[in-house]
Every structure is written in structure tokens, then in C-alpha cells.
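J.: Generate a structure from the sequence data that follows.
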Amino acid sequence: QVRLVESGGGLVQPGGSLRLACAASGFAFKYYAMGWFRQAPGKEREGVACLSASDGSAYYPQSMKVRFAISRDDGNNMIYLQMNNLKPEDTATYHCATDLVVTCPGGPNGVVSANNWGQGTQVTVSS
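T.: Below is the predicted model:
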């Protein structure tokens with residue numbers, strides 16, 4: 001049974017940084033692409049990042065490409081999202097997710113429609 005547990009969210013001022021973490025269990029983590037999506041109240045899910053397991057390629061929406069970085073630790077079944085220069089529009093609940101496939105179909109939106117995601121961690125960017 002796939003289990004994903006996020007942590008690391010919080011309140012941060014504009015321009016600040018956060019590092020989100022996601023602990024994965026219940027599947028052969030290193031073989032599958034992992035990613036993050038976010039959802040703000042009243043808005044649709046938005047892909048944030050996806051990391052392929054086939055060649056390590058990372059995908060981001062253009063608006064996040066310079067500011068966000070996704071990484072993984074296959075030895076500890078962890079995935080991370082480093083977020084820098086945060087903006088108020090980044091306020092949302094962030095979820096890690098996997099569809100148990102090797103690559104990121106759709107690039108940065110690779111896990112937006114994934115079948116497995118965690119409960120999320122809230123990120124609030126405000127002064």
C-alpha cells in the first residue's frame with residue numbers, strides 16, 4: 001500500500017525559502033517517478049515538479065524553474081522540494097505524488113492526475 005507523508009510547510013515571508021520533504025513507503029520507490037503538485041482553495045491542482053526515475057530528468061513549470069528544485073534520496077525513500085524566493089501566489093497545500101510509472105508524462109504535470117498522493121503540507125507566503 002502506497003503511503004506518502006509530507007512535512008516542512010509553514011508560514012514564510014515573501015522572498016523566503018522552505019524545504020518540503022516526503023517520506024514514501026509501500027512500493028519500490030527507486031523505480032518510479034515522483035513529483036509534487038499544489039492546490040490552493042478554489043483552484044485546480046497545479047503541477048510543481050516531477051522527477052523521472054529513468055534518467056533523473058526534472059521538470060518544472062516555467063514560473064518555478066529557477067526558484068524550485070526537486071530531489072530524491074533513494075536510500076531513504078525520500079523526496080524533497082526546495083523552494084526559494086517564495087511569492088504570495090505560491091500559497092497552497094503541497095502534495096507529493098506518484099503514479100507508479102518510470103517517467104513524467106506531461107513533464108511538470110506528470111503527477112497532477114496521479115493515483116497516489118499524501119495529505120499535503122500547507123505553505124503560506126505572507127508578510
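J.: Roughly how far does the closest residue to Val2 other than its chain neighbours sit from Leu11?
T.: Distances taken as CB to CB, 6 or more residues apart in numbering put Asn116 closest to Val2, at 4.3 Å, once the chain neighbours are dropped. The way it works is simple: take the backbone N, C-alpha and C, and place the C-beta from them, glycine included. For Asn116, the distance to Leu11 equals 28 Å [CB to CB, to the nearest Å].
J.: And those two? Which one has more around it.
T.: Legend: neighbour count by other CB atoms under 10 Å for Asn116 and Leu11, higher for Asn116 (19 against 12).
J.: Which residue lies nearest the spatial centre of the protein?
T.: Trp36 (2.1 Å; CA atoms, centre = their mean).
J.: Spell out which helix or strand contains it, please.
T.: strand 34-39 (DSSP states H and E).
J.: still on that earlier bit, can you pull the phi/psi pair for the residue nearest to Val2?
T.: Per-residue torsions, Asn116: phi -130, psi 120 (degrees, to the nearest 10).
J.: Now for it: which residues touch it?
T.: Contacts for Asn116 (CB atoms under 8 Å, 6 or more residues apart in numbering) come out as 2, 4, 97-100.
J.: List the residues that contact the residue nearest to the centre of the chain.
T.: 20, 22, 47-50, 70, 79, 81, 94-97, 111.
J.: just those residues now: which is nearest Met64?
T.: If you rank the contacts of Trp36 by distance to Met64 using CB to CB, Val48 comes first, at 6.2 Å.
J.: Could you double-check that the closest one sits in contact with Ser63?
T.: No. Taking contacts as CB atoms under 8 Å, Val48 lies outside contact range of Ser63: 10.0 Å.
J.: so how many other residues sit close to Val12?
T.: Count around Val12 with other CB under 10 Å applied: 18.
J.: and it, bridged to which residues?
T.: Beta-bridge partners recorded for Val12 (DSSP bridges): Val125.
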